[in-house]
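S.K.: Sequence unavailable; structure follows:
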């Protein structure tokens, strides 16, 4: 049996997805003016693998009229379990594999809004075109391609018209820098290797050493077996060697990624006394119950914590939520910021189960399993609520104690609570970076 590659995934049927081929036809010899439509084998293969592996496969009609759907994407959208399933998607095999090891294309930055709807650079990948041009978190974006940000507002959010991720696409950005000066940068999209760790440091809080870790996405390091992240290993060894007594993990822009890397992080954080205990379980559909699996903790390193503080937002999703849920039965888990997205289900790619999909370079990534922690908690489609709602402040650099969510975490470590004044900063953004994308790129949201 082929090894299932457990991943968590998102709905994105745009920039990286396969382009549907024209419906093949042939000529009817009896009535040449009326072509005969040949059944699209790719569409048939999509339905076949969905009927076998889709978590809600019992809701797929016994007979699906393939001629009703103009594209592969329309077909998938027509047979998934709405509105619960916001996550299943199609892409290509190359795009899928590249995304989970950080092979990206684009400018290489994220954004976030403040309460007064000013737009800021929220993170930058070091080796991306934006990173190599020196962009920093905290730069205010005042214009894109010569137009003010307000000009890009549309119903339900913004459309910045930056184009797809294809190398060579050029856009201009005007920034107001923290010192009050302005600069306009012309930036060309290119391929690059993205990093997951955006910042790591130790902050002295009274007598305690507090680790602060800004972690953007769960990406594995290519070539490592078993699947894991060299960046995670380096960061955790740094915190271990520094003797941290508390840990703040900043997941506010983390849309998910590799479950194997999420497990790796859990195994560094869990206490030694809980090694061997249940981390989480995966439940497949009724046809595949024999393949239900569970994962136990295996302690790595010597970090010894009784609690973890997570900085979260509605862009904290998927594998980010898995870590929160898996650790919760074993230690105090505190969420500061905003409620998480809500994705208690996961996926693995299905092209390996269909020669037709392999040949046509179509990767089907539907919801294939549900996730539960050791206490059986599995229904969090509305996300995990923040223990202390606090506003975002992307105008400040990583690790700056003026950052409201970081400041609230430090206040909690000192006092065991967060002040009303701090909670009064809370606002719920009407639109976030996770809303700008669908499918695969929604799990790794970056421009």
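M.R.: Yep, it's here. Since this is a predicted model, take the numbers as computed values, not measurements. Numbers count the residues shown, from 1 in each chain.

S.K.: ok, now which ones touch residue 216?
M.R.: Neighbour list for residue 216: 110, 123, 195-198, 253-254 [criterion: C-beta atoms under 8 Å, 6 or more residues apart in numbering]. C-beta here means a position set from N, CA and C on the backbone, and glycine is covered the same way.

S.K.: Taking those residues together, which two end up most distant?
M.R.: Within those, two members stand farthest from each other by C-beta to C-beta: 110 and 197, at 14.5 Å.

S.K.: which of these two has more neighbours?
M.R.: Neighbour count, other C-beta atoms under 10 Å: between residue 110 and residue 197, residue 110 has more, with 25 against 16.

S.K.: I figured that one hits residue 119, correct?
M.R.: No: using C-beta atoms under 8 Å as the test, residue 110 is too far from residue 119 to be in contact (10.9 Å).

S.K.: which stretch of helix or strand covers the residue lying closest to residue 351 once chain neighbours are set aside?
M.R.: Closest residue in space to residue 351, ignoring its immediate chain neighbours: residue 357 at 4.1 Å, by C-beta to C-beta, 6 or more residues apart in numbering. Secondary structure assignment for residue 357, by DSSP states H and E: helix 355-359.

S.K.: Please work out which residues outside that helix touch it.
M.R.: 41-42, 44-46, 49, 93, 350-352, 363-364.

S.K.: Contact partners for the residue most central in space within the chain?
M.R.: Nearest to the geometric centre of the chain sits residue 255, at 2.0 Å (C-alpha atoms, centre = their mean). Contacts for residue 255 (C-beta under 8 Å, 6+ apart) come out as 10, 217, 315-318, 320, 341, 434, 442-445.

S.K.: Counting neighbours, which of the contacts of helix 355-359 end up buried?
M.R.: Neighbour counting by 16 or more other C-beta atoms under 10 Å classes 41-42, 45-46, 49, 93, 350-352, 363-364 among these as buried.

S.K.: Restricted to strands, list those.
M.R.: Of the buried ones among the contacts of helix 355-359, the ones assigned to strands by DSSP state E are 363-364.

S.K.: so where's the stretch 1-150 of the chain uncertain?
M.R.: 1-39 (pLDDT under 70).

S.K.: Helices of that one, start to end?
M.R.: Secondary structure of the stretch 1-150 of the chain (DSSP state H, counting those that start in this stretch): helices at 41-53, 72-79, 93-99, 129-132.

S.K.: Also the stretch 151-300 of the chain?
M.R.: Going by DSSP H, counting those that start in this stretch, the stretch 151-300 of the chain shows helices at 230-242, 259-269.

S.K.: before we move on, back to that, state the distance from the residue nearest to residue 351 to residue 225.
M.R.: Separation of residue 357 from residue 225 (C-beta to C-beta, to the nearest Å): 25 Å.

S.K.: now do residue 302
M.R.: Note on residue 302: its distance to residue 225, by C-beta to C-beta, is 24 Å.

S.K.: Comparing the two, which shows the higher neighbour count?
M.R.: Counted by other C-beta under 10 Å, residue 302 and residue 225 do not tie: residue 302 has more neighbours, with 11 against 6.

S.K.: next one: phi and psi at the more buried one?
M.R.: Here is the backbone geometry of residue 302 (degrees, to the nearest 10): phi -130, psi 20.

S.K.: Residue 206 contacts residue 415, doesn't it?
M.R.: No: taking C-beta under 8 Å as the definition, residue 206 is not a contact partner of residue 415, at 10.6 Å.

S.K.: ok so, going back, format the helices of the stretch 151-300 of the chain as CSV; extra columns: mean neighbour count.
M.R.: As requested, these are exported to CSV (neighbours: other C-beta atoms under 10 Å):
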stretch, mean neighbour count
helix 230-242, 17
helix 259-269, 23
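
S.K.: Now tabulate these in JSON lines and tack on mean pLDDT and distance to residue 130.
M.R.: Listed next are those as JSON lines, based on pLDDT from 0 to 100; distance: least, C-beta to C-beta, whole Å:
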{"stretch": "helix 230-242", "mean pLDDT": "98", "distance to residue 130": "19"}
{"stretch": "helix 259-269", "mean pLDDT": "98", "distance to residue 130": "24"}
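
S.K.: Residue 371 belongs to a strand, doesn't it?
M.R.: Yes: according to DSSP: H, G, I helix; E, B strand; the rest coil, the state of residue 371 is that of a strand.

S.K.: Can you name the residues that contact it?
M.R.: Neighbours of residue 371 in contact, by C-beta under 8 Å, 6+ apart: 280-282, 322, 325, 344-346, 378.

S.K.: so who does the spatially closest residue to residue 202 that is not a sequence neighbour touch?
M.R.: Spatial nearest neighbour of residue 202, excluding adjacent residues (C-beta to C-beta, 6+ apart): residue 242 at 4.8 Å. The contact partners of residue 242, by C-beta under 8 Å, 6+ apart, come to 202, 209, 211.

S.K.: do residue 223 as well
M.R.: Residue 223 sits in contact with no residue, where contact means C-beta under 8 Å, 6+ apart.
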